[in-house]
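*Asks:* here's a sequence, model it:
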Amino acid sequence: MCDVLVVGGGPAGLRAAEMTSAAGLKTVLVDHMPSVGRKFLVAGRGGLNLTHSEPVENFPQRYGDSTTRWSSLLAEFSPNNLRAWAEQLGIETFVGTSGRIFPVNKQAAPLLRRWVERLRKQGVSFRPRHRLTAFRRLETGVLEAEFTTAQGSITQQARAMILALGGASWPQTGSDGEWIRLFAKAEVAVTPLAPANCGYEVDWPVEFLNQTEGLPLKNVAVSAGGDFVAGELLVTKYGLEGGAIYQLGRALRGMAQPQIEIDLKPALTVEQLAAKIRDAKGAQLLPQAVRAWRLGKVAQALLQLRAPFASAEELARLAKTYPLTLRGPRPIAEAISTAGGVSWNELDENLMLKRWPGIFCAGEMIDWDAPTGGYLLQGCFSTASRAARATREFLTKN
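*Replies:* Have a look, this model is predicted:
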């Protein structure tokens, strides 16, 4: 038997195991993949975005949930705490031009190696290729988890458990959402998982795609359901990708028919745009706008889809409020992250399951989501730190 059984080898599980083992608790970490941190490594391929440099008081609103709850969780382990933690591992960080925070070499692998080495030195026992199939409480009060392995079914008893089972995006890394069936049996409410930070599908005309596939639409502002973001979009054969569409995921999920509105020239008003091409007529309007407004290829092609235009004012209004109907999100397996998960109503303020005292949850498996930009990893570290601290306190009292 161990003191703490951590199930899940992503950043939340690793952080939880780090804290409990540092407190002298016998900690076992299991994961059903051959090695830990697989999604962490994939996320770092384009540059490991650890957190963001904006003021911490701005963070709670990024999670689209109770600001009071997230203020408390971020106080548990803040963005500054996360940077200091990385530097303790010998990984220096820097603030990029976008405000995002990265390791100096932008790579995830060196950080993960040092992190796992620290956990091993602290006595964490790693058990790979163990898939959780059940958990129960014995008559003695001890918790017991059941796993399938290559050698068959085995059990592990523990005084407390921390579950960090992830969402359902990038299932090839181990984040497959299979745990939802276990929670149904345990009578724990779970909000259905949905793709977040993902691309959306659009029925592009063939001619449009021939001109624009793979090209960016830069320096635009995009709105949906009252939410407004500035950023960039990327035309793909199936629709749109990019930071702007990712950040609007929460608003788009609430629409029966998802739609966005694109401001192709956010720095100028309708009147200013119209004034630049007022002398043009008929077929001259769009070519003149392309030159006067310095439109890129994608913006030009979008406007061409709605030609002809009766006046400069009509074209200017369209450029400021270009409507686009979306067919729906890309499959959850392609999403950067997922929304949904264990309902907050099932958890106390310490992230312990109310129906299962001694079992805590952390990371993406809880019902929260956040935009890219460092907020995802920050949320995993903050929830894991709360769950680990609360586990220590629970074991002290029990």
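
*Asks:* for stretch 287-297, buried residues please.
*Replies:* Judged by neighbour count (16 or more other Cβ atoms under 10 Å), stretch 287-297 contains these buried residues: 288-290, 293, 295-296. Quick note: C-beta positions are derived from backbone N, CA and C, even for glycine.

*Asks:* dump those to JSON lines, plus pLDDT, secondary structure and distance to Arg120.
*Replies:* As requested, the buried residues of stretch 287-297 are exported to JSON lines (pLDDT from 0 to 100; DSSP: H, G, I helix; E, B strand; the rest coil; distance: Cβ to Cβ, whole Å):
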{"residue": "Gln288", "pLDDT": "93", "secondary structure": "helix", "distance to Arg120": "67"}
{"residue": "Ala289", "pLDDT": "93", "secondary structure": "helix", "distance to Arg120": "62"}
{"residue": "Val290", "pLDDT": "94", "secondary structure": "helix", "distance to Arg120": "60"}
{"residue": "Trp293", "pLDDT": "96", "secondary structure": "coil", "distance to Arg120": "58"}
{"residue": "Leu295", "pLDDT": "96", "secondary structure": "coil", "distance to Arg120": "56"}
{"residue": "Gly296", "pLDDT": "95", "secondary structure": "coil", "distance to Arg120": "51"}
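
*Asks:* where do the helices of the stretch 101-250 of the chain begin and end?
*Replies:* Assigned by DSSP state H, counting those that start in this stretch, the helices in the stretch 101-250 of the chain fall at 109-121, 180-185, 206-212, 243-247, 249-253.

*Asks:* need the buried residues of stretch 287-297 in a markdown table with distance to Val142, can you?
*Replies:* Listed next are the buried residues of stretch 287-297 as a markdown table, based on distance: Cβ to Cβ, whole Å:
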| residue | distance to Val142 |
| --- | --- |
| Gln288 | 77 |
| Ala289 | 72 |
| Val290 | 71 |
| Trp293 | 69 |
| Leu295 | 67 |
| Gly296 | 63 |
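
*Asks:* ok, back up a step: out of the helices of the stretch 101-250 of the chain, which is the most enclosed?
*Replies:* helix 243-247 (a mean of 22; mean count of other Cβ atoms under 10 Å).

*Asks:* okay, it in PDB with CA atoms only?
*Replies:* Output in PDB follows, covering the C-alpha atoms of helix 243-247 (Å, rounded to 0.1, in the frame of the first residue of the first chain):
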ATOM      1  CA  GLY A 243      -5.500  31.700 -32.500                       C
ATOM      2  CA  ALA A 244      -8.500  33.900 -33.200                       C
ATOM      3  CA  ILE A 245     -10.900  31.000 -33.800                       C
ATOM      4  CA  TYR A 246      -9.400  29.100 -30.900                       C
ATOM      5  CA  GLN A 247     -10.200  31.900 -28.500                       C
END
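
*Asks:* which other residues reach it?
*Replies:* 196-200, 220, 222, 227, 229-233, 252, 260, 336, 371-373 (Cβ atoms under 8 Å, 6 or more residues apart in numbering).

*Asks:* of those residues, grab the buried ones for PyMOL.
*Replies:* Per 16+ other Cβ under 10 Å, the buried members of those correspond to this PyMOL selection:
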select buried, resi 196+197+198+199+200+220+222+227+229+231+233+252+260+336+371+372+373
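
*Asks:* among the contacts of helix 243-247, which lie within strands?
*Replies:* Among these, the residues falling in strands (DSSP state E) are 196, 200, 220, 222, 227, 229-233, 260.

*Asks:* between these, which is nearest Arg392?
*Replies:* Ala196 (31.1 Å; Cβ to Cβ).

*Asks:* measure that closest one to His130 for me?
*Replies:* Distance of Ala196 to His130, computed by Cβ to Cβ, to the nearest Å: 28 Å.

*Asks:* now the strands for the stretch 251-398 of the chain?
*Replies:* 259-263, 322-325, 328-329, 337-342, 359-361 (DSSP state E, counting those that start in this stretch).

*Asks:* closest one to Ala387 among those?
*Replies:* strand 359-361 (4.1 Å).

*Asks:* output the contacting helices and strands for that closest one.
*Replies:* The contact analysis (3 or more Cβ pairs under 8 Å, 6 or more residues apart in numbering; DSSP states H and E) places strand 359-361 against strand 152-163, helix 375-397.

*Asks:* just name the most buried of the ones you listed.
*Replies:* helix 375-397 (a mean of 23).

*Asks:* now that helix - C-alpha only, PDB.
*Replies:* Extracted as PDB, the C-alpha positions of helix 375-397 are listed here (Å, rounded to 0.1, in the frame of the first residue of the first chain):
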ATOM      1  CA  TYR A 375      -3.300  29.400 -19.700                       C
ATOM      2  CA  LEU A 376      -3.800  25.600 -20.300                       C
ATOM      3  CA  LEU A 377      -0.600  24.500 -18.600                       C
ATOM      4  CA  GLN A 378      -1.100  27.100 -15.900                       C
ATOM      5  CA  GLY A 379      -4.500  25.700 -15.000                       C
ATOM      6  CA  CYS A 380      -3.000  22.200 -14.800                       C
ATOM      7  CA  PHE A 381      -0.300  23.200 -12.500                       C
ATOM      8  CA  SER A 382      -2.600  25.300 -10.300                       C
ATOM      9  CA  THR A 383      -5.200  22.600  -9.900                       C
ATOM     10  CA  ALA A 384      -2.600  20.000  -9.300                       C
ATOM     11  CA  SER A 385      -0.900  22.100  -6.600                       C
ATOM     12  CA  ARG A 386      -4.300  22.500  -4.800                       C
ATOM     13  CA  ALA A 387      -5.100  18.900  -5.000                       C
ATOM     14  CA  ALA A 388      -1.700  17.800  -3.700                       C
ATOM     15  CA  ARG A 389      -1.700  20.200  -0.800                       C
ATOM     16  CA  ALA A 390      -5.200  19.200   0.100                       C
ATOM     17  CA  THR A 391      -4.200  15.500  -0.100                       C
ATOM     18  CA  ARG A 392      -1.300  16.100   2.400                       C
ATOM     19  CA  GLU A 393      -3.700  17.800   4.800                       C
ATOM     20  CA  PHE A 394      -6.300  15.000   4.400                       C
ATOM     21  CA  LEU A 395      -3.800  12.400   5.300                       C
ATOM     22  CA  THR A 396      -2.600  14.400   8.300                       C
ATOM     23  CA  LYS A 397      -6.100  14.300   9.600                       C
END
